[in-house]
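Peer 1: sharing a sequence plus its predicted fold:
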Amino acid sequence: MANTFQITVPDIGNFDSVEVIEVIVKIGDMIKKEDSLITVESDKASMDIPSTHEGKVTKIDLKVGDKVKQGSNILVIELSGSSDKPQKVENKTETKETAKKEAPSQAPSETIAKKPDVTSTHETEVVVLGSGPGGYTAAFRAADLGKKVVLIERYSTLGGVCLNVGCIPSKALLHTAKVITDAEETAAHGVTFGKPNIDLEKIRNWKSNDVVGKLTQGLGAMAKQRQVSVVQGEGEFTTPHQIKVTKADGQIETVGFEHCIIAAGSQSTKFPGVKDDPRIMDSTGALELKDIPKRLLIVGGGIIGLEMGTVYDALGSRVSVVELSDGLMQGCDRDLVRPLQKRMEQRFEKIMLNTKVNTIEPKADGIHVNFEFEGKLDSQVYDRVLIAIGRRPNGKAIKAELAGVNVTDQGFIPANKQMRTNVSHIFAIGDIVGQPMLAHKATHEGKVAAEVIAGHKVEFQAIAIPYVAYTDPEVAWAGMTETEAKLKNIEIEKASFPWAASGRALAMNRSEGTTKLIFDKETHRLIGAGITGISAGELIAETVLAIEMGADAHDLGLTIHPHPTLSETVCFAAEVKECTITDLYIKKR
């Protein structure tokens with residue numbers, strides 16, 4: 001007698017019933033495990049129901065238009081082998097979107113650690129170590145998926161480095177700086193303001209209370225709404241299933257867990273051999289805005305240093321930047337950086353490229369810095385020095401190796417596309433897994449990790465991750481750069497639109513910008529983009545979507561953009577590629 005098995009609808013979430021919109025198989029079909037059987041649709045999403053067994057379809061129990069719920073019969077199969085004997089199986093569902101991102105359930109060479117019988121202060125299904133954008137996103141998503149979650153954060157408020165002492169407060173100060181410089185530059189078109197009165201205490205209070213405070217309080221409220229338990233203190237692993245948390249008063253609590261998501265981020269890289277002195281700052285210290293130094297040196301010409309230079313310049317400091325390499329903001333195409341560098345050369349005291357800092361020595365009269373350029377030595381004295389030479393991950397600081405997690409010498413924790421480390425129940429996201437160290441990358445990785453823990457078949461498959469320098473002008477880029485394409489011998493076509501031909505840019509007296517699009521020469525699809533100018537960070541999002549959707553110049557050029565706006569420079573750049581541009585005259589080749 002044939003060995004048959006009835007396949008039913010699995011748990012499909014908080015739905016009493018959903019409609020069958022497609023029956024994918026028919027009687028007589030041979031199906032394998034995970035083959036889609038039917039597609040159902042709710043008011044929120046459509047999803048495919050996969051098979052739990054392998055065999056031949058002998059009976060179908062439903063049709064298009066039927067309403068089904070958990071336990072409803074789908075079909076009967078004749079099992080194809082002994083390995084497919086009937087057994088209790090928890091069915092998993094997946095949306096059509098996540099089906100495109102199906103991934104292996106485990107990382108290569110992973111370790112499966114058995115949970116020991118150890119008592120902890122807190123026991124939970126999921127613990128998230130770190131509550132930055134990646135961490136709180138992971139915690140909230142896991143809670144939304146029905147998991148019991150504990151969130152560990154060293155700061156007294158949620159948000160990690162980004163909200164408390166990083167991205168958000170820096171953008172608040174950059175907004176203030178923009179208002180000051182905009183007011184200065186309106187003199188060129190007939191409106192003159194007096195010299196600004198800088199009240200540092202009010203600026204600090206606005207940054208900390210009105211901006212950071214509101215955001216962190218909002219996160220705290222959402223954690224309570226989701227019943228996410230927050231444990232405040234410094235966390236570090238003691239075993240593969242336990243984290244020790246040292247609280248501000250020295251008390252110790254422990255968190256036992258089934259799954260962990262490491263979102264412990266990174267910290268500023270220190271300059272070797274420099275003595276501790278309050279006048280020598282990292283980015284956190286610079287954001288405290290204790291005073292406005294007459295002369296400020298920024299060591300490092302990357303995004304963080306240039307953003308802080310923009311702030312202190314607007315507030316009245318004479319700012320100098322020293323960079324070891326031959327250009328500012330390495331990783332970005334030079335034509336995009338050029339307008340920013342030109343403006344900074346006009347506003348800053350000095351920009352020193354190809355220059356090495358030999359020593360930084362604090363003395364009573366200031367910070368003495370010795371430089372070396374083409375074999376020549378120079379010495380300068382500054383009131384403050386900002387060290388902005390990069391960030392290093394916190395993999396070593398959290399003692400992840402005690403959980404059996406692989407940690408590189410630099411402190412990175414390798415993870416696969418499901419964000420799973422070599423230890424099967426421990427995941428890692430954000431800065432700690434590697435470049436790019438960007439908050440928006442971490443948030444997407446956090447969702448993936450939470451969904452994998454909840455049984456979803458997803459993985460991180462971003463084609464393009466945008467970078468933004470919130471300087472003045474802003475510089476933003478995504479996908480393949482022109483420099484990268486040359487190094488990889490990828491044939492490209494590029495098209496640029498100068499903002500000098502943009503009515504909106506001219507009306508704002510900021511025509512130094514440019515919009516550049518990079519296309520694959522063979523497929524003609526957009527594979528990269530870069531924008532320099534006012535609000536470049538907002539404008540880049542359209543190009544990221546275009547890259548993800550596989551758009552070409554034709555798609556972008558035929559998309560009607562509002563006029564006059566800066567957003568239409570994307571359309572104009574596409575028209576340059578298509579040779580249909582009318583806002584520029586380009587001689588036919």
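Peer 2: Perfect, thanks for sending it.

Peer 1: longest strand anywhere in this protein?
Peer 2: strand 252-262 (DSSP state E).

Peer 1: could you dump that one to CSV, C-alpha only?
Peer 2: Extracted C-alpha coordinates of strand 252-262, given in CSV (Å, rounded to 0.1, in the frame of the first residue of the first chain):
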residue,chain,number,x,y,z
ILE,A,252,27.1,42.2,38.2
GLU,A,253,24.1,40.7,36.4
THR,A,254,24.1,37.8,34.0
VAL,A,255,22.0,37.1,31.0
GLY,A,256,21.4,33.5,29.8
PHE,A,257,20.2,33.2,26.2
GLU,A,258,19.3,30.8,23.5
HIS,A,259,20.4,33.2,20.7
CYS,A,260,22.5,36.3,20.7
ILE,A,261,22.9,39.1,18.3
ILE,A,262,26.2,41.0,18.8
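
Peer 1: continuing past that strand, what's the next helix or strand?
Peer 2: Downstream of strand 252-262, the first helix or strand assigned by DSSP states H and E is strand 266-268.

Peer 1: that following strand - contacts with which helices or strands?
Peer 2: When contacts are defined as 3 or more CB pairs under 8 Å, 6 or more residues apart in numbering; DSSP states H and E, strand 266-268 packs onto strand 391-393. For glycine as for every other residue, the C-beta is placed from the backbone atoms N, C-alpha and C.

Peer 1: pull out the buried residues from the strand it packs on.
Peer 2: 391, 392, 393 (16 or more other CB atoms under 10 Å).

Peer 1: mind listing what residue 24 touches?
Peer 2: Residue 24 makes contacts with 36, 37, 38, 39, 48, as judged by CB atoms under 8 Å, 6 or more residues apart in numbering.

Peer 1: which one of these is nearest residue 80?
Peer 2: Minimum distance to residue 80 across those is 15.5 Å, recorded for residue 37 (CB to CB).

Peer 1: contacts only, for that closest one.
Peer 2: By CB under 8 Å, 6+ apart, the neighbours of residue 37 are 7, 23, 24, 25, 31, 48, 49, 50, 51, 74, 75.

Peer 1: which of these fall in helices?
Peer 2: Applying DSSP state H to the contacts of residue 37, no entry is found in helices.

Peer 1: packing partners for the host helix or strand of residue 569?
Peer 2: Take DSSP H and E as the rule and residue 569 turns out to sit in helix 568-578. The helices and strands touching helix 568-578, judged by 3+ CB pairs under 8 Å, 6+ apart, are strand 492-498, strand 514-520, strand 526-533, helix 536-549, helix 553-557.

Peer 1: and among these, the most buried is which?
Peer 2: Among the helices and strands packed on helix 568-578, strand 526-533 has the highest mean neighbour count (mean count of other CB atoms under 10 Å), at a mean of 28.

Peer 1: wait, which of the helices and strands packed on helix 568-578 is closest to residue 249?
Peer 2: Of those, nearest to residue 249 by CB to CB is helix 536-549, at 40.6 Å.

Peer 1: name the helices or strands packed onto that closest one?
Peer 2: Helices and strands touching helix 536-549, by 3+ CB pairs under 8 Å, 6+ apart, are strand 467-469, strand 474-479, strand 526-533, helix 568-578.

Peer 1: swap the cut-off to 6 Å and go again
Peer 2: strand 474-479, strand 526-533 (3 or more CB pairs under 6 Å, 6 or more residues apart in numbering; DSSP states H and E).

Peer 1: what's the next helix-or-strand element following the first one in contact with?
Peer 2: Yep, that's strand 474-479 we're talking about. Helices and strands here follow DSSP H and E; after strand 474-479, the next one along the chain is helix 482-487. If you take CB atoms under 6 Å, 6 or more residues apart in numbering as the criterion, helix 482-487 is touched by 333, 492.

Peer 1: tell me which residues in helix 482-487 are buried?
Peer 2: Buried residues in helix 482-487 (16+ other CB under 10 Å): 482, 484, 485.

Peer 1: repeat for stretch 316-326
Peer 2: 317, 318, 319, 320, 321, 322, 323.

Peer 1: what number of residues lie near the closest residue to the last one other than its chain neighbours?
Peer 2: Meaning residue 323. Using CB to CB, 6 or more residues apart in numbering and skipping the chain neighbours, the partner closest in space to residue 323 is residue 301 (3.3 Å). Neighbourhood size, residue 301 [other CB atoms under 10 Å]: 26.

Peer 1: residue 63 now?
Peer 2: 9.

Peer 1: closest to residue 244 out of the helices and strands packed on helix 568-578?
Peer 2: helix 536-549 (39.3 Å).

Peer 1: was I right about residue 153 contacting residue 129?
Peer 2: No. The pair residue 153 / residue 129 is not scored as a contact, 8.8 Å apart, by CB atoms under 6 Å.

Peer 1: looking at those two, which is more packed in?
Peer 2: The neighbour comparison of residue 153 against residue 129 (other CB under 10 Å) goes to residue 129, with 31 against 28.

Peer 1: distance to residue 158 for the helices and strands packed on helix 568-578 - can I get that in a markdown table?
Peer 2: Converted to a markdown table, these look like this (distance: least, CB to CB, whole Å):
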| stretch | distance to residue 158 |
| --- | --- |
| strand 492-498 | 42 |
| strand 514-520 | 37 |
| strand 526-533 | 32 |
| helix 536-549 | 24 |
| helix 553-557 | 39 |
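
Peer 1: can you tell me the SS state at residue 292?
Peer 2: Three-state assignment for residue 292 (DSSP: H, G, I helix; E, B strand; the rest coil): coil.

Peer 1: same question, the one 4 residues further on
Peer 2: At residue 296, secondary structure determined by three-state DSSP is strand.

Peer 1: residues contacting it?
Peer 2: Contacts of residue 296 by CB under 6 Å, 6+ apart are 312, 317, 319, 384.

Peer 1: quick one on the thing from earlier: tabulate the helices and strands packed on helix 568-578 in TSV, adding columns for distance to residue 457 and mean pLDDT.
Peer 2: As requested, those are exported to TSV (distance: least, CB to CB, whole Å; pLDDT from 0 to 100):
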stretch	distance to residue 457	mean pLDDT
strand 492-498	34	96
strand 514-520	29	97
strand 526-533	27	98
helix 536-549	20	97
helix 553-557	30	96
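
Peer 1: between these, which one is nearest to residue 226?
Peer 2: Closest among the helices and strands packed on helix 568-578, using CB to CB: helix 536-549, at 27.5 Å.

Peer 1: got a list of contacts for that closest one?
Peer 2: 463-464, 466, 468, 474, 476, 478-479, 526, 529, 531, 566-567, 570.
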